[in-house]
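How does the following fold in three dimensions:
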Amino acid sequence: MTGRTLLATALCAFLGAPAFAQDFGFAGILSNTNQGEDLPTLILGSGKPISDGPIELESGKVYELEIESDGSAELALEGPGFFRNIWVNEVVVNGLEIRPYGLESVEFDQAGTMEIEFIAIRPGQYFLRIPGSSGDAQRVDIAIR
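Residues are numbered from 1 along each chain as shown. The predicted model follows:
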């Protein structure tokens with residue numbers, strides 16, 4: 001059962017909707033028509049830039065952010081302001097889906113890929129950066145409009 005199917009089933013049960021309602025798909029914020037554009041993959045590597053430039057998101061849209069680490073160093077991304085102003089649906093690591101209440105940072109101890117599916121909520125200027133870094137290449141600015 002996919003994450004969205006599981007969520008639809010739970011919502012139908014919670015709202016008292018008939019079980020067949022989930023067969024019609026999502027409406028509103030989680031619908032397939034509410035998908036934002038593809039986001040650039042963020043790359044974590046020792047001394048490498050995280051992204052080619054800033055990222056712009058639209059409030060209320062669903063996005064999937066892919067983060068790749070080349071394993072050259074133990075690296076993390078922090079962005080508490082960003083993570084507090086999105087709703088995280090799931091984090092996928094090695095095919096395992098995690099449904100957290102919230103995030104403040106993520107860390108890679110070795111090479112790998114992580115996908116974070118989320119809904120942009122509160123408009124503003126945010127960032128993700130490698131903790132303790134000061135260079136512009138070690139940070140990506142994110143605007144939610």
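
which element is the residue nearest to the spatial centre of the chain on?
The residue lying closest to the centre of the chain (CA atoms, centre = their mean) is residue 116, at 3.1 Å. For residue 116, the element it lies in under DSSP states H and E is strand 112-120.

Tell me which residues of that strand come out buried.
114, 116-120 (16 or more other CB atoms under 10 Å). Heads up, the C-betas are built off the backbone N, CA and C, glycines and all.

from those residues, which single one is nearest residue 75?
Nearest to residue 75, judged by CB to CB, of those is residue 114 at 11.8 Å.

That closest one and residue 105: what is the separation?
For residue 114, the distance to residue 105 equals 12 Å [CB to CB, to the nearest Å].

Residue 53 now?
According to CB to CB, residue 53 stands 22 Å off from residue 105.

ditto for residue 58
Residue 58 is 24 Å from residue 105, by CB to CB.

Residue 136 too?
The value you get for residue 136 to residue 105, if CB to CB is used, is 19 Å.

Quick one: residues contacting the closest residue to residue 111 other than its chain neighbours.
Spatially, and ignoring its direct neighbours in sequence, residue 111 is nearest to residue 71 (3.0 Å; CB to CB, 6 or more residues apart in numbering). Under the criterion of CB atoms under 8 Å, 6 or more residues apart in numbering, the neighbours of residue 71 are 108, 110-112.

who wins for most neighbours among those?
residue 108 (20 neighbours; other CB atoms under 10 Å).

For that one, give me phi and psi.
Note on residue 108: backbone dihedrals following degrees, to the nearest 10 are phi -110, psi 120.

burial measure for the closest residue in space to it that isn't next to it in sequence, as a count.
Closest residue in space to residue 108, ignoring its immediate chain neighbours: residue 69 at 3.6 Å, by CB to CB, 6+ apart. A count of nearby residues for residue 69, using other CB under 10 Å, gives 24.
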